[in-house]
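Asker: The following comprises the amino acid sequence and a computationally predicted model.
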Amino acid sequence: MPGSQIIIENFHSIALEHNPLDDPIARRVPVYLPAGYAESQRYPAIYLLAAFGNRGLKFLNDDLWEENIQQRLDRLIASGAMQPTIVVMPDASTRYGGSQYLNSPALGDYEDALLELVSFIDRKYPTLAAPGARALVGHSSGGYGALRLAMRQPATFGLAAAHSADLHFELAYRPDFGDLLRYYEKAGLDGLQALLADPHTALQRGASHTALNLLAMAAAYSPNPSAPLGFDLPIDLHSGAWQPEVWQRWLAHDPLHMLAQHADALRGLRLLYLDCGKYDEYNLLYGARLFTDQLRQHDITFQYEEYEGGHRHMKHRYDTSFTAISAAFQL
């Protein structure tokens, strides 16, 4: 039986044409095909979403002490823990680092691009093209994307697994704004603009990664094409005064604030899986606990686990989510 394959698709997204950052329209998207793959057979599909600052190709990295995604999937499928599955690794990266998998006039239409990718994959590969056989999995910003898309696109995705997802923005983001203010004191508005124009060079020269992350989140959550940076910030950079109206725009994207409106979509999932490390450095554990409390209040079935660990070094958790998803697929 032939072994598994990784095909690198060159995916051209119509949705990303004319994106405001002039980021690439054509994206390299790895597609995992299981051992014994045959076009005469239909397969379920997992869309594996990368974290902020990464794209799908990162899952293929070789590591001395860690399996890459192909090795992990090969092992799980060969052991019978997981059925043969097509796994797609999208590229939703931006010059700023990430898109949060949503549509934003400051970044581009990445939610639409992902839906385009699903149609592309279904046309080219023998997938079981139905929500019950199509899952989202992600970690960190990828976990956020998995939750958000599961809420907003139930006609496309019927299963979701979110590892250490961006939840409870009050604790996930708000504590970091002091770093942004300190960087602004050093660099000024010109420095922020330089960081956004060329993050690679700016970070090499000592720019704050935390500042870049918050600016990227502002581009996702509070875009404003007429603002100097292309988006509004929820804090005044001079006084540190909080800007409640802008912050409310951020909170509208927090899954904690989205859940009630999208409870029916979550209730209809064949599987909703969440986990988080007990010592997550971004305080995401508490967002996960609040989110699962809300799920209980809305009578939404889910699986949730807390494990010994922090935000990083979590790849072993894919064994749990992939296995749970595989068992819940509708074939």
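Answerer: Structure received. Residues are numbered from 1 along each chain as shown.
Asker: which residues in the stretch 51-200 of the chain form strands?
Answerer: With DSSP state E, counting those that start in this stretch as the criterion, the stretch 51-200 of the chain has strands at 86-88, 103-104, 108-109, 134-139, 159-163.
Asker: Quick check: can you list the domain ranges of this protein?
Answerer: If you go by automatic domain parsing, the domain ranges for the chain are 5-168+255-328, 170-251.
Asker: Turn these into TSV, columns for mean neighbour count and mean pLDDT.
Answerer: C-beta coordinates here come from the backbone N, C-alpha and C atoms, glycine included. What follows is those, written out as TSV (neighbours: other C-beta atoms under 10 Å; pLDDT from 0 to 100):
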stretch	mean neighbour count	mean pLDDT
domain 5-168+255-328	19	97
domain 170-251	17	97
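Asker: re the thing from before, kindly reformat the strands of the stretch 51-200 of the chain as a markdown table and extend each row with distance to residue 45.
Answerer: Formatted as a markdown table, the strands of the stretch 51-200 of the chain follow (distance: least, C-beta to C-beta, whole Å):
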| stretch | distance to residue 45 |
| --- | --- |
| strand 86-88 | 5 |
| strand 103-104 | 22 |
| strand 108-109 | 22 |
| strand 134-139 | 5 |
| strand 159-163 | 10 |
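Asker: So which of the ones you listed is nearest residue 271?
Answerer: strand 159-163 (4.4 Å; C-beta to C-beta).
Asker: Could you list the alpha-carbon positions for that closest one in PDB?
Answerer: Output in PDB follows, covering the C-alpha atoms of strand 159-163 (Å, rounded to 0.1, in the frame of the first residue of the first chain):
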ATOM      1  CA  LEU A 159     -17.200  19.500  14.000                       C
ATOM      2  CA  ALA A 160     -14.700  21.800  15.800                       C
ATOM      3  CA  ALA A 161     -11.700  21.400  18.200                       C
ATOM      4  CA  ALA A 162     -10.200  24.400  19.800                       C
ATOM      5  CA  HIS A 163      -6.900  24.100  21.700                       C
END
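Asker: quick one: it to strand 134-139, angle?
Answerer: Here the directions of strand 159-163 and strand 134-139 differ by 0 degrees (axes from the mean of the first three to the mean of the last three C-alpha atoms, to 10 degrees).
Asker: who does strand 159-163 touch, helix- and strand-wise?
Answerer: Judged by 3 or more C-beta pairs under 8 Å, 6 or more residues apart in numbering; DSSP states H and E, strand 159-163 is in contact with strand 134-139, helix 141-152, strand 271-277, helix 317-328.
Asker: Take those and write them to JSON lines, including distance to residue 195.
Answerer: JSON lines is the format used below for the helices and strands packed on strand 159-163 (distance: least, C-beta to C-beta, whole Å):
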{"stretch": "strand 134-139", "distance to residue 195": "25"}
{"stretch": "helix 141-152", "distance to residue 195": "19"}
{"stretch": "strand 271-277", "distance to residue 195": "29"}
{"stretch": "helix 317-328", "distance to residue 195": "32"}
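Asker: what about the strands of the stretch 51-200 of the chain, which gets the closest to residue 7?
Answerer: strand 86-88 (9.8 Å).
Asker: now for the closest one, which elements pack on it?
Answerer: Using 3+ C-beta pairs under 8 Å, 6+ apart: strand 86-88 touches strand 26-33, strand 45-49, helix 110-124.
Asker: Isn't residue 25 up against residue 12?
Answerer: Yes. At 6.0 Å, residue 25 counts as touching residue 12 under the criterion of C-beta atoms under 8 Å.
Asker: ok, residue 273 - contacts?
Answerer: 160, 161, 162, 302, 303, 304, 320, 321, 324, 325 (C-beta atoms under 8 Å, 6 or more residues apart in numbering).
Asker: Nearest to residue 86, out of these: which one, please.
Answerer: Closest to residue 86, out of all of these and judged by C-beta to C-beta, is residue 325, at 12.7 Å.
Asker: With adjacent residues omitted, what lies nearest to that closest one?
Answerer: residue 135 (4.8 Å; C-beta to C-beta, 6 or more residues apart in numbering).
Asker: just to revisit the earlier point, with respect to residue 311, which of the strands of the stretch 51-200 of the chain lies nearest?
Answerer: Short answer: strand 134-139, nearest of the strands of the stretch 51-200 of the chain by C-beta to C-beta, at 8.7 Å.
Asker: Just list what the closest one packs against, helices and strands only.
Answerer: On a contact count with 3+ C-beta pairs under 8 Å, 6+ apart, strand 134-139 meets strand 45-49, helix 141-152, strand 159-163, helix 317-328.
Asker: Give me the contacts around it.
Answerer: Here strand 134-139 has contacts from 44-51, 118, 127-128, 144-146, 149-150, 156-165, 271, 314, 317-318, 321-322, 325, 329, using C-beta under 8 Å, 6+ apart.
Asker: Let's see that with 6 Å instead.
Answerer: Outside strand 134-139, the residues within contact range by C-beta atoms under 6 Å, 6 or more residues apart in numbering are 45-49, 51, 145-146, 149-150, 157, 159-161, 163-164, 321, 325.
Asker: what does stretch 216-224 give?
Answerer: 96-97, 100, 102, 104-107, 231-233, 246, 249-250, 253.
Asker: quick one: the nearest residue in space to residue 199 that is not next to it in sequence from residue 197, how far?
Answerer: Excluding its sequence neighbours, the residue lying closest to residue 199 (C-beta to C-beta, 6+ apart) is residue 212, at 5.7 Å. The gap separating residue 212 from residue 197 is 12 Å, by C-beta to C-beta, to the nearest Å.
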